[in-house]
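Trainee: sequence and predicted model, in that order:
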2 protein chains.
Amino acid sequence: MSPTRTADGAAPGRVGDVRRRNLALLLDRIDPQGQATRAQLAAETGLTKASVSSLVADLLESGLLTEAGVTRDGERGRPGVGLVLNPLRGAIGAEINVDYLAVGVLDLGGTLQFQETVERHNRGSSPGDVLAALGVLVHRAADAARQAGIVLLGGGLAVPGLVDPDRNVVVTAPNLGWSAVDLSAELAALLPAAPFGVTLSNEANSAALAELWYGHGVSFRDYLYVSGEVGVGGGLVIGSELFTGPAGHAGEIGHVVVHPEGPRCTCGGHGCLEKFAGQQAIFSAAGIGDDSTALRMSHLLRALDAGKPRALAAVEQAGHYLGVAVASAARLMNISAVVLGGHFAALEEWIEPALRRSLANFAPGLVPDGSIAFSGLRQTAALTGAAGSCLRGVLARPYELIS
Amino acid sequence: MSPTRTADGAAPGRVGDVRRRNLALLLDRIDPQGQATRAQLAAETGLTKASVSSLVADLLESGLLTEAGVTRDGERGRPGVGLVLNPLRGAIGAEINVDYLAVGVLDLGGTLQFQETVERHNRGSSPGDVLAALGVLVHRAADAARQAGIVLLGGGLAVPGLVDPDRNVVVTAPNLGWSAVDLSAELAALLPAAPFGVTLSNEANSAALAELWYGHGVSFRDYLYVSGEVGVGGGLVIGSELFTGPAGHAGEIGHVVVHPEGPRCTCGGHGCLEKFAGQQAIFSAAGIGDDSTALRMSHLLRALDAGKPRALAAVEQAGHYLGVAVASAARLMNISAVVLGGHFAALEEWIEPALRRSLANFAPGLVPDGSIAFSGLRQTAALTGAAGSCLRGVLARPYELIS
DNA sequence: AGAATTAGTTTTCAATCTGAACTATATGTT
DNA sequence: AACATATAGTTCAGATTGAAAACTAATTCT
């Protein structure tokens, strides 16, 4: 990464690093929706007006920032010039999941400018085939961006499995049947011209980040995001940052042990949360047959609406054990909020009371009622997070676009 | 902390920050036991020899570094001058626990130069009384340090409870009967002359850090330290750093839910690990009466040696549930090693097989057998970690001693 | 019209690292 | 013993950067 990097990862500080840091600092202080003037930035960051002017000049040249004209606020004195994150810069977000592919274009202002989802059964498909199909969608999205005048800086791809983002490898994706798949070449080919390339991420982690930047993150700085898909995944946000753990796989709440005498799990363990709160577990406890996922979910919702005891008990059980796992997570990682996505969000009405009771029983006082939230991003969560990660990366390393 | 710090914690980069960073970088590259020359440091850090010379001059002036004379390595060329962390700089480490007080002096070379433990029943004692008693010990240790020519730069105090290190407040210490105790004045009075003051920390966290710097940290960069005292505490080390979580209370493995139908715990929850693997739980499951802690532990060890089934079963159960909690922690935080201290270290021989079996059952493959370690630091772990934290803080902010 | 106020720029200066040339001190070779 | 070679460490000019202060620019208030 850094030009002079020694074996142990220690990089010496150079005079130029100061400017790099300050460039990123300024971008961090500009609200994606709003605007700021040089004088405001100087006051907020503690830099002098002279320095801010110089830094802003570089950022304007990079194309990340644009001037939005004079801001008349009615106050006395010369009005400042509004600076905004350039809405004509963006990134592609993509998601591969078990039964669909999804792609979108997110701009620096935080708006999803284009979005497309297609059904496709990827379980067992070869990575090459899936990425070829995805490539068509990405191409279409890139064309749409070009038409809208948006310059793409990079992209992100979310997959339902453990990934090694540094090496672009899907370590395992059990629900796709993939393991040790190196996607370096495919990712590079998706957006060959984009300066920041396409990065790989875990679907639950990306959804957690989307929630942080474009969802409940406005009220929570620290939370556990729990994604209910075919499996139960998780993403841990601490101090408004994703906590990935030493090898990048933290947050895997689906395999927390919630009952030591519970059934064996596909992961090799016993009594994992996924065996009590995964889609499979809920559907079979509710006595719902094996149609497609979408059909089964609507069956379940109808049964719940009708007050069928077996369905109610199935969701009650899922909420109960979800509470056990969240209680343990709250203790271990000192988090005090949860955001639920995927099928948990669809079941909000029925699962929330059970989860509350369970949390009150296992970790009283740790997760207040107001800190249980349900994701409103639904289908676009993962791709929004993947694209957002790319854009945040750009804002954190703006100097790569300068000089 | 920083001179110009804005509300949101964003600090602008200044030219001088580069030097601060590089001063700390150099100190980080000098092994506490060994020595390095300016040329080696230049090669390792990527800084030029000119910069290293200039930085080292400042560090020599600060007293943190000393020249250890010419190093003759038999190679051709002018020999370098060895640089060592000054062993005549140190910090006080102290621990308040339920039935003892302990104090020691740790020098920059990593040697515990002086150590004293006195029995004292602190449960229910007022914080003022306990700190007065501790003050006597600290005074004695400071005198010993002065006699040995060691200049004390600061200190650390570890207590068995939740603390707020920034505000010097013990939030709760159930086993001492303390809550919301502000120790600012008492801590400042302990070492009035030390430039880095005395800081407060949690006992399990300090022990985890001692393990990192002076114990199994040489082989593990990421692990969960589990401290078995009257309660079961934990400290989480990720990437060779303590992970404290959003409010500083991460790692509380004692209250992870290991059995959802388990008994009620003092924390208000149910089925917590502490109810299966805490000292109380083990002693009563083993059928050992209520003498002093030390006596009961020797009873237990004798019973185990004699192969008494009830004692063996009690420890087996503790190991089993410890495994459940560690399995969940491994999933949630992606850790792959555990270090056990306190009574778990004393019971190593009997608890390790049970823990192994449990981990193989609940998280196969995640914590390899070679990654289960037992602390060898025993009684001095917490105070060593507290003093070490202070010294690491000095090495990270050497510029506070310069100019 | 002029004073007051705020935004932004220009200029000078100090801090700091780099790079190249230099001095210092050892070992190896003849 | 003299000289070559190699490595350690210092000195000094040059480039980059932010701070500070003086300056210009554009607006509102009186």
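Mentor: Cool, the structure landed.
Trainee: just give the nearest non-adjacent residue to residue A:398, would you?
Mentor: residue A:23 (4.8 Å; CB to CB, 6 or more residues apart in numbering or on different chains). In this view, the C-beta of every residue, glycine as well, is placed from N, C-alpha and C.
Trainee: so that neighbour sits in a helix?
Mentor: Yes - assessed by DSSP: H, G, I helix; E, B strand; the rest coil, residue A:23 belongs to a helix.
Trainee: the residue in the stretch 251-400 of chain A that DNA strand D sits nearest to: neighbouring residues, count only.
Mentor: Per CB to the nearest atom of the strand, residue A:399 is where the stretch 251-400 of chain A lies closest to DNA strand D, at 8.2 Å. Number of residues near residue A:399 (other CB atoms under 10 Å in any protein chain shown) recorded here: 16.
Trainee: re the thing from before, contact partners for the residue nearest to residue A:398?
Mentor: Residues near residue A:23 by CB atoms under 8 Å, 6 or more residues apart in numbering or on different chains: A:55, A:58-59, A:398-399, A:402.
Trainee: mind running it again at 6 Å?
Mentor: Residue A:23 sits next to A:55, A:398-399 when contact means CB atoms under 6 Å, 6 or more residues apart in numbering or on different chains.
Trainee: then residue A:134?
Mentor: Going by CB under 6 Å, 6+ apart, residue A:134 touches residue A:101.
Trainee: next, it: secondary structure please.
Mentor: Under three-state DSSP, residue A:134 comes out as helix.
Trainee: and what of residue A:302?
Mentor: helix.
Trainee: now it: how far from residue A:349?
Mentor: Counting by CB to CB, to the nearest Å, the separation of residue A:302 from residue A:349 is 13 Å.
Trainee: residue A:36 too?
Mentor: Per CB to CB, residue A:36 is found 41 Å from residue A:349.
Trainee: so which of these two has more stuff around it?
Mentor: A direct count of neighbours by other CB under 10 Å for residue A:36 and residue A:349 places residue A:36 higher, at 24 against 12.
Trainee: any idea of the pLDDT on the more buried one?
Mentor: Reported pLDDT at residue A:36 in the predicted model: 96.
Trainee: picking that back up, which of the contacts of residue A:23 fall within helices?
Mentor: Taking DSSP state H, the ones among the contacts of residue A:23 that sit in helices are residue A:55.
Trainee: going by distance to chain B, which of the contacts of residue A:23 wins?
Mentor: Distance ranking of these against chain B, using CB to the nearest CB, places residue A:55 first at 10.1 Å.
Trainee: phi, psi of the closest residue to the residue of the stretch 251-400 of chain A closest to DNA strand D other than its chain neighbours?
Mentor: Once flanking residues are discounted, residue A:399 sits nearest to residue A:20: 4.8 Å by CB to CB, 6+ apart. Residue A:20 has phi and psi values of phi -60, psi -40 when expressed as degrees, to the nearest 10.
Trainee: near residue A:20, how many other residues are there?
Mentor: With other CB under 10 Å as criterion, residue A:20 counts 17.
Trainee: try residue A:61
Mentor: Residue A:61 has 12 nearby residues by other CB under 10 Å.
Trainee: can you pull the pLDDT of it?
Mentor: Reported pLDDT at residue A:61 in the predicted model: 96.
Trainee: look up how far DNA strand C lies from it.
Mentor: Per CB to the nearest atom of the strand, to the nearest Å, residue A:61 is found 13 Å from DNA strand C.
Trainee: please apply the same query to residue A:51.
Mentor: 8 Å.
Trainee: and that residue, that's in a strand?
Mentor: No - read with three-state DSSP, residue A:51 is helix and lies in no strand.
Trainee: which pLDDT does the model give the nearest residue to it once chain neighbours are set aside?
Mentor: Spatial nearest neighbour of residue A:51, excluding adjacent residues (CB to CB, 6+ apart): residue A:22 at 7.0 Å. Looking at residue A:22, its pLDDT is 97.
Trainee: and for residue A:399?
Mentor: With respect to pLDDT, residue A:399 has a value of 96.
Trainee: how close does the residue most central in space within chain A sit to chain B?
Mentor: By CA atoms, centre = their mean, chain A has its centre lying nearest to residue A:206, at 2.2 Å. Separation of residue A:206 from chain B (CB to the nearest CB, to the nearest Å) stands at 17 Å.
Trainee: mind checking how far that residue is from DNA strand C?
Mentor: 36 Å.
Trainee: and the helices in chain A?
Mentor: A:15-28, A:38-45, A:49-62, A:127-147, A:184-190, A:203-214, A:274-277, A:279-286, A:293-305, A:309-333, A:343-346, A:348-362, A:381-396.
Trainee: pick out the shakiest of those helices, pLDDT-wise.
Mentor: Among the helices of chain A, helix A:293-305 scores lowest, at a mean of 91.
Trainee: how many degrees apart are that one and helix A:279-286 in direction?
Mentor: With axes from the mean of the first three to the mean of the last three CA atoms, to 10 degrees applied, the angle from helix A:293-305 to helix A:279-286 works out at 40 degrees.
Trainee: what's the local residue count around the spatially closest residue to residue A:90 that is not a sequence neighbour?
Mentor: Of all residues not flanking residue A:90 in the chain, residue A:107 sits nearest, at 4.0 Å (CB to CB, 6+ apart). Number of residues near residue A:107 (other CB under 10 Å) recorded here: 24.
Trainee: need the contact list for residue A:107.
Mentor: Taking CB under 6 Å, 6+ apart, we find residue A:107 in contact with A:87, A:90, A:113, A:150.
Trainee: ok, residue A:151 next?
Mentor: By CB under 6 Å, 6+ apart, the contact set of residue A:151 is residue A:89.
Trainee: from residue A:86, how far off is it?
Mentor: On the measure of CB to CB, residue A:151 and residue A:86 end up 8 Å apart.
Trainee: can you count the residues close to residue A:77?
Mentor: Using other CB under 10 Å, residue A:77 has 7 neighbouring residues.
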